[in-house]
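*Asks:* What follows is a predicted structure for the sequence shown.
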Amino acid sequence: MYVVLKPDLDPEAQNRFIDELKNAHLEVVALPGLDRRAFALVGPPHAAERFASHPYVEELIRDEAPYKRVARALHPHDTLVSIGSLTVGGDAFVVIGGPCAVETPEQMQTIASQIRAAGAHGLRGGAYKPRSSPYSFQGHGIQGLVMLSDAGSRYGLPVVSEIMDAQDLPHLAAHVQALQVGARNMQNFSLLKTVGSQTLPVILKRGLSATLEELLLAAEYIVNAGNDQVILCERGIRTFETATRNTLDLNAVAWLKNKTHLPVLVDPSHGTGLAELVPPLSKAALAVGADGLLIEVHPDPTHAWSDGRQSLTPEAFSRLMRELRSLAEVIGRHMP
Ligand code: PEP
Ligand code: MN
């Protein structure tokens, strides 16, 4: 719900009115950058409805979108998210690469050096792995975080890793520059509140069967808890199609860029499950307006401990980076 105030209202009357709204248990959020004096009202709709005929009110806009803080209506300019020295959002198109899972110190040092040489902007690697089977490799935990952060700091790459349990936050905070909330935890609301009440940026991946509204509401949980450094990530959804691991929803990118000020990344690795489809879908993601990519790259994909089939070789990654740079130039985007 949005309230538009009459144009001739003096500032004291406006403040009195805002107090009345707050007394009615509505949270009042200013809308910067709009010509009209508009505020979003966060709270029960019936509480806002009472103000429809208030003498100071020009219009009450009954907007049914339940997310407010992440909506572009509230915040027309793009949010920029800082992952260490890397800025995500705005004009830049950034690429974060690395293996699905952190395996060994040598693997991490090798891949960090290779993707750095190819021009990547950040390093990924899972130390806590959400695996479908309890018998699959579950990640090295704290030791994995150390391998990841050593490789990132040696090659000047900020690092990203997944958080599965709030208990692990202190360890992650000691080693990473951004937290990833994986698809399987997109609606783990207590985890969302936890990552919302700390200061590291959060890459929030879309759930396997989550609607875009549910994704934005999950982001709203994080922002509402106090952390506005949120990046959304489209990573493919479950559909009837079985030829690819998931169906990468590029509609989502264009839709999200209209509806929210948060940056949007695309993960074509989980989105397709097939390494040979990663380059074309990466280029499509750039063309459709994504702010960057999260790509699985492994020094030796055939021997990867997880997700080898969708991981690029360092050579394929390097070729893709060159192609992305040429495409970015043609469409007026900037790759740092
Ligand atoms: C991952 O990035 O390694 C991962 C597990 O992704 P998702 O949560 O999208 O499946
Ligand atoms: Mn993976």
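*Replies:* Thanks, I have it. Residues are numbered from 1 along each chain as shown. Ligands and ions are numbered 1, 2, ... in the order given.
*Asks:* What residues does the protein have near ligand 1?
*Replies:* Within reach of ligand 1 by C-beta under 6 Å from any ligand atom, the chain has these residues: 100, 126, 130, 182-184, 205, 235, 267, 270. C-beta here means a position set from N, CA and C on the backbone, and glycine is covered the same way.
*Asks:* among those, which are within reach of ligand 2?
*Replies:* By C-beta under 5 Å from the ion, the members of these lying near ligand 2 are C100.
*Asks:* Just the buried ones out of the residues of the chain next to ligand 1, please.
*Replies:* When those are checked for burial by 16 or more other C-beta atoms under 10 Å, the buried set is 100, 126, 182-183, 205, 235, 267, 270.
*Asks:* Would you state the helices of this protein in chain order?
*Replies:* 11-23, 45-49, 105-118, 142-154, 169-175, 189-196, 212-224, 250-259, 268-272, 278-288, 314-330 (DSSP state H).
*Asks:* Any chance of the residues of the chain next to ligand 1 in TSV with pLDDT as columns?
*Replies:* Output for the residues of the chain next to ligand 1, formatted as TSV (pLDDT from 0 to 100):
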residue	pLDDT
C100	98
G126	98
P130	97
G182	98
A183	98
R184	98
K205	99
R235	98
D267	99
H270	98
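*Asks:* picking that back up, tell me which of the helices of the chain is the most buried.
*Replies:* Comparing the helices of the chain by mean neighbour count (mean count of other C-beta atoms under 10 Å), helix 268-272 comes out on top with a mean of 27.
*Asks:* who are the neighbours in contact with the residue in the stretch 151-300 of the chain positioned nearest to ligand 1?
*Replies:* As assessed by C-beta to the nearest ligand atom, ligand 1 sits closest to G182 within the stretch 151-300 of the chain, at 2.9 Å. Neighbouring residues of G182 by C-beta atoms under 8 Å, 6 or more residues apart in numbering: 130, 162, 164, 205.
*Asks:* ok, 10 Å please
*Replies:* 126, 128-130, 162-164, 188, 191, 203-205, 207-208, 233, 235, 270 (C-beta atoms under 10 Å, 6 or more residues apart in numbering).
*Asks:* now F17
*Replies:* By C-beta under 10 Å, 6+ apart, F17 lies in contact with 3, 5-6, 9, 28, 39, 51, 54-57.
*Asks:* If you rank those by neighbours, which is first?
*Replies:* Top of the contacts of F17 by neighbour number is V3, holding 25 neighbours under the definition other C-beta atoms under 10 Å.
*Asks:* Could you give the bridge partners of it?
*Replies:* Beta-bridge partners recorded for V3 (DSSP bridges): F39, L60.
*Asks:* Do I have it right that it meets E59?
*Replies:* Yes - counting by C-beta atoms under 10 Å, V3 touches E59, with 7.6 Å between them.
*Asks:* Now do the shared contacts for those two.
*Replies:* Listed as contacting both V3 and E59 by C-beta under 10 Å, 6+ apart are 38, 52.
*Asks:* tell me the contacts of the residue lying farthest from the centre of the chain?
*Replies:* Relative to the centre of the chain, the most outlying C-alpha is that of P55, 41.3 Å out, by C-alpha atoms, centre = their mean. By C-beta under 10 Å, 6+ apart, the residues touching P55 are 6, 9, 13, 17.
*Asks:* Roughly how far does it sit from L31?
*Replies:* According to C-beta to C-beta, to the nearest Å, P55 stands 21 Å off from L31.
*Asks:* Likewise for W305?
*Replies:* In this view, W305 and L31 are 48 Å apart by C-beta to C-beta.
*Asks:* re the thing from before, can I get the residues of the chain next to ligand 1 in JSON lines with distance to M147?
*Replies:* Formatted as JSON lines, the residues of the chain next to ligand 1 follow (distance: C-beta to C-beta, whole Å):
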{"residue": "C100", "distance to M147": "14"}
{"residue": "G126", "distance to M147": "11"}
{"residue": "P130", "distance to M147": "19"}
{"residue": "G182", "distance to M147": "19"}
{"residue": "A183", "distance to M147": "24"}
{"residue": "R184", "distance to M147": "23"}
{"residue": "K205", "distance to M147": "22"}
{"residue": "R235", "distance to M147": "24"}
{"residue": "D267", "distance to M147": "22"}
{"residue": "H270", "distance to M147": "22"}
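*Asks:* In strands, which of the residues of the chain next to ligand 1 fall?
*Replies:* K205 (DSSP state E).
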